[in-house]
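*Asks:* quick check, what structure comes out for this input:
(one chain, ligands or ions: 1)
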Amino acid sequence: MKIQDLKIGLGTWKSPIDKAGAAVEFALREAEYNHIDCAAIYRNEKEIGEAFKNVFNSGARKREEVFITSKLWNTEHARDHVLPACKQTLADLQLEYLDLYLMHWGIATVPSDDNAQNIHGRYEEKLNADGFLITEKIPIRETWEAMEELVKAGLVKAIGVSNFTAPMIVDLLSYANIKPAMNQIELHPYLQQTALVEFCRYNDIAVTAYSPQGSPGNYGKAKGLPVLGEDPIIVEIAKHHSKSPTQIMLRWAIQRNTIPIPKSLNPEHLKENIDVFDFELSFDNMQKIAGLDRGLRFVNPSDWWKIPYFG
Ligand code: NAP
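*Replies:* Just a heads-up that it's a prediction; the model follows:
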């Protein structure tokens, strides 16, 4: 599988360890997915690795038919951490290579003590007494150069970034010997980031759309935030096509040449989310959805790091 051929994938963030493997296995065996998005920090790679082993060893799918992404976590940015982190992910996923390895965030952090949760209930990073993220003095360049070595060693086919803004990409391109193949960013009708998507395209960087329906399981009504699947325009377009609101959002993402990676554990949703290739949104409907942009970011580290990462 080549990056240029990717249309849609399966996300695995917050897929719990007792369900993540089953969802991946169902997606590969029963729903014809060919792209799975993983990350070390999702802490479910071992369980997903069992699913890969079952699927590939049974001959149900061939390894080379499936595009598998994982991500380097922020605590592993130091030059001598990158190779062990990648090897750990490969061991957990029971793979010989990754198709794509992303720098999860352009920020280096120290791990929390003894795996303890911080005041936000997160164990991924350590905060100081005032609640500010404690960062490490490691430039992105050091991390990127170590990731380039992974390509040379044949452990990963391509490398890329996630949550990178345009200035971060400009800086990276000034020294990268291997250009980033991908930028994975939050994208949905309420956060369209059209200028960043176009900037990436201009620089031959593919764009993955994470939280393509606004991550309703993590945000949405319970947190006083809007649910995209209830937006009247999206609902109206869905009715017109006899499709679900989610399918309209995924189709919109595909037609703007981004690669949505909806997460689901539900077999019905898994099938529904890939059933988006038998219809097309008209120019008018694409325009209507373009008009919904309101710059609403759900995954915003300002909330838990006190670092205005995206301004
Ligand atoms: P999402 O895919 O926008 O939404 C997932 C939620 O939607 C789940 O609660 C899921 O519940 C529900 N859902 C899925 N299909 C549905 C359907 N057809 N109808 C109704 N509800 C449906 O959110 P996300 O998980 O935040 O983002 C997707 C993936 O992007 C992640 O899993 C992860 O792989 C990646 N991501 C990356 C980053 C990063 O920093 N790089 C950040 C966030 C996310 P069910 O399980 O019940 O279907």
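*Asks:* my guess is E64 meets M1, correct?
*Replies:* Yes - the criterion here is Cβ atoms under 8 Å, and E64 meets it with M1 at 7.1 Å. C-beta: built from backbone N, CA, C; applies to glycine.
*Asks:* higher neighbour count, these two?
*Replies:* M1 (16 against 10; other Cβ atoms under 10 Å).
*Asks:* find the nearest non-adjacent residue to that one, please.
*Replies:* Leaving aside its chain neighbours, M1 sits nearest to F67 (4.0 Å; criterion: Cβ to Cβ, 6 or more residues apart in numbering).
*Asks:* quick one, what contacts that neighbour?
*Replies:* When contacts are counted by Cβ atoms under 8 Å, 6 or more residues apart in numbering, F67 touches 1, 3, 6, 9, 34-36, 99-100.
*Asks:* from those, which land in helices?
*Replies:* If you go by DSSP state H, the contacts of F67 have nothing in helices.
*Asks:* any chance of the residues you listed in JSON lines, with pLDDT and distance to the ligand too?
*Replies:* Below are these laid out as JSON lines (pLDDT from 0 to 100; distance: Cβ to the nearest ligand atom, whole Å):
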{"residue": "M1", "pLDDT": "85", "distance to the ligand": "17"}
{"residue": "I3", "pLDDT": "97", "distance to the ligand": "16"}
{"residue": "L6", "pLDDT": "98", "distance to the ligand": "14"}
{"residue": "G9", "pLDDT": "98", "distance to the ligand": "8"}
{"residue": "N34", "pLDDT": "98", "distance to the ligand": "15"}
{"residue": "H35", "pLDDT": "98", "distance to the ligand": "11"}
{"residue": "I36", "pLDDT": "98", "distance to the ligand": "9"}
{"residue": "D99", "pLDDT": "98", "distance to the ligand": "15"}
{"residue": "L100", "pLDDT": "98", "distance to the ligand": "12"}
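*Asks:* what about this structure, any weak spots by pLDDT?
*Replies:* Across the chain, the ranges flagged by pLDDT under 70 are 114-115.
*Asks:* who's in contact with the residue most central in space within it?
*Replies:* Central residue of the chain (Cα atoms, centre = their mean): Y210, 4.8 Å from the mean position. Contacts for Y210 (Cβ under 8 Å, 6+ apart) come out as 11, 37, 162, 184-187, 261, 299.
*Asks:* and it, how far from I233?
*Replies:* Going from Y210 to I233 by Cβ to Cβ, to the nearest Å gives 22 Å.
*Asks:* can you tell me the closest non-neighbouring residue to the closest residue to the ligand within the stretch 1-150 of the chain?
*Replies:* Nearest to the ligand, among the residues of the stretch 1-150 of the chain, is G11, at 2.4 Å (Cβ to the nearest ligand atom). Once flanking residues are discounted, G11 sits nearest to K263: 3.4 Å by Cβ to Cβ, 6+ apart.
*Asks:* and S70, how far is that from T12?
*Replies:* Counting by Cβ to Cβ, the separation of S70 from T12 is 10 Å.
*Asks:* which of the two has more neighbours?
*Replies:* S70 (30 against 26).
*Asks:* surely that one touches A39?
*Replies:* Yes - S70 is within contact range of A39, at 5.9 Å (criterion: Cβ under 8 Å).
*Asks:* overlap in contacts of the two?
*Replies:* With Cβ under 8 Å, 6+ apart, S70 and A39 have common neighbours 45, 102.
*Asks:* still on that earlier bit, anything in contact with each of S70 and T12?
*Replies:* Common contacts of S70 and T12, defined by Cβ under 8 Å, 6+ apart, comprise 38-39.
*Asks:* one step back: for L93, see how far away the residue nearest to G11 is.
*Replies:* Noted for K263: a distance of 17 Å to L93, by Cβ to Cβ.
*Asks:* R29 now?
*Replies:* Applying Cβ to Cβ to R29 and L93 gives a distance of 17 Å.
*Asks:* so the two - more neighbours on which side?
*Replies:* Per other Cβ under 10 Å, whichever of R29 and L93 has more neighbours is L93, with 23 against 15.
*Asks:* smallest distance to the ligand belongs to which residue of the stretch 51-200 of the chain?
*Replies:* Across the stretch 51-200 of the chain, the shortest distance to the ligand (Cβ to the nearest ligand atom) belongs to S162, at 3.9 Å.
*Asks:* sorry, back to before: any idea what the residue nearest to the centre of the chain is bridged to?
*Replies:* In this entry, Y210 is beta-bridged to E186, by DSSP bridges.
*Asks:* please enumerate the strands of this structure.
*Replies:* Using DSSP state E, the strands of the chain run over 35-37, 67-72, 100-103, 159-162, 182-186, 206-210, 259-260.
*Asks:* tabulate those (JSON lines), appending distance to D293.
*Replies:* Shown next, in JSON lines, are these (distance: least, Cβ to Cβ, whole Å):
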{"stretch": "strand 35-37", "distance to D293": "24"}
{"stretch": "strand 67-72", "distance to D293": "26"}
{"stretch": "strand 100-103", "distance to D293": "25"}
{"stretch": "strand 159-162", "distance to D293": "21"}
{"stretch": "strand 182-186", "distance to D293": "13"}
{"stretch": "strand 206-210", "distance to D293": "13"}
{"stretch": "strand 259-260", "distance to D293": "16"}
